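**Student:** curious how this folds, go ahead:
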Amino acid sequence: MIEGVPRPDRLFEQVPFIKYENRAEVDAFLGFRHVTGIKEWAPPEKAQFIAKLIDEGGLSYRQVMRKIGSKTDTVERNYIAYCILTQMEETEGLEVDEVENRFSVLFLSLRSKNVQEFLGVQGKFGIEPQNVKPPIDANNIDRLKEYSKWLFGDADTPPVVQDSREVDKFARVIASADGLEYLRSVRRPSLDKAFVIAGGDQEEVYELLSSATYNLQESLSSIHLYKGDERLISISKRLLANAEQLKKTLELD
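**Tutor:** Modelled structure (predicted):
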């Protein structure tokens, strides 16, 4: 006790509390603490809570955003991802245990327009949540099964996407006819190989060559000062050899 401060009556006999009539009255606190706060739930639990606020509470995305302190587009993507998970649980022939364990992969993949178009859910974004269900139309169920197998695997094959950081690469692959054909025809496809087949490394090649060109241009401003340097001569010979190979590969005059 602090000297000079009287001890409250029944100090160790009662615990102070605030009583609410029902759970709905503490939803804002739960959402802020466990969805965007310091005691975060796992991704599927966050999405489930958001879905509860919408489905049972009748809230809009914006109202949920205000209640839990998140962004509206994040709320929307969580809700649609959870609706897809629920539909997968109800779809015959789909194993969803791993989907629940890697829900963040499902959530992150929906950022991509390519994934949205592949699953046919692009029209489910930007509308009222009450009109989202079912997120996957009947004519896209086969694609949903393919998507689930490639992202989460099944009893016979591991997932093509091993990490949530690979979802952008996967999105590039499924936008390519050649990339899709590879995924569908190979028993155990490799995402890296599918990415190359889909032409996904083309931008990387552009960037590498552009950087090399700019670096060479910059070095030419002072390279004449070190004409006799043996190390510089050795590096320059390698550069010329690579440039000659580039010329042959691209059939440059």
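
**Student:** what average pLDDT does stretch 133-153 get?
**Tutor:** Mean pLDDT, stretch 133-153: 96.

**Student:** distance between the ends of that stretch?
**Tutor:** 25 Å (CA to CA, to the nearest Å).

**Student:** now find how far off-centre that stretch is within its chain.
**Tutor:** How far stretch 133-153 lies from its chain's middle: 17 Å, per CA atoms, centre = their mean, to the nearest Å.

**Student:** so which helix or strand takes in the residue most central in space within the chain?
**Tutor:** Centroid-nearest residue in the chain: Leu108, 2.1 Å away (criterion: CA atoms, centre = their mean). Leu108 is part of helix 103-109, with elements assigned from DSSP states H and E.

**Student:** dump that helix to PDB, restricted to CA.
**Tutor:** C-alpha atoms of helix 103-109 as PDB (Å, rounded to 0.1, in the frame of the first residue of the first chain):
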ATOM      1  CA  PHE A 103      -5.400 -18.900 -44.900                       C
ATOM      2  CA  SER A 104      -3.000 -16.000 -45.400                       C
ATOM      3  CA  VAL A 105      -2.000 -17.500 -48.800                       C
ATOM      4  CA  LEU A 106      -5.700 -17.400 -49.800                       C
ATOM      5  CA  PHE A 107      -6.100 -13.900 -48.500                       C
ATOM      6  CA  LEU A 108      -3.000 -12.500 -50.200                       C
ATOM      7  CA  SER A 109      -3.700 -14.200 -53.500                       C
END
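
**Student:** what about Val96, neighbour count?
**Tutor:** Counted with other CB atoms under 10 Å, the neighbours of Val96 add up to 16. Where C-beta positions appear, they are placed from N, C-alpha and C, glycine not excepted.

**Student:** pretty sure it contacts Thr86?
**Tutor:** No - using CB atoms under 8 Å, Val96 makes no contact with Thr86, being 9.4 Å away.

**Student:** which residues in the stretch 151-253 of the chain form strands?
**Tutor:** Using DSSP state E, counting those that start in this stretch, the stretch 151-253 of the chain contains no strands.

**Student:** three-state assignment of Ile50?
**Tutor:** helix (DSSP: H, G, I helix; E, B strand; the rest coil).

**Student:** hmm, Val75 and it touching each other?
**Tutor:** Yes - Ile50 lies in contact with Val75 (CB under 8 Å); the separation is 5.8 Å.

**Student:** what do the two both touch?
**Tutor:** Residues touching both Ile50 and Val75 (CB atoms under 8 Å, 6 or more residues apart in numbering) are 64, 68.

**Student:** pLDDT weak spots in this protein?
**Tutor:** Where the chain drops to pLDDT under 70, the residues are 1-2, 10-12, 16-41.

**Student:** got the domain boundaries for it?
**Tutor:** 23-159, 202-249 (automatic domain parsing).

**Student:** any idea how far the first one is from the chain center?
**Tutor:** In this case it means domain 23-159. So, by CA atoms, centre = their mean, the centroid of domain 23-159 is 12 Å from its chain's centroid.
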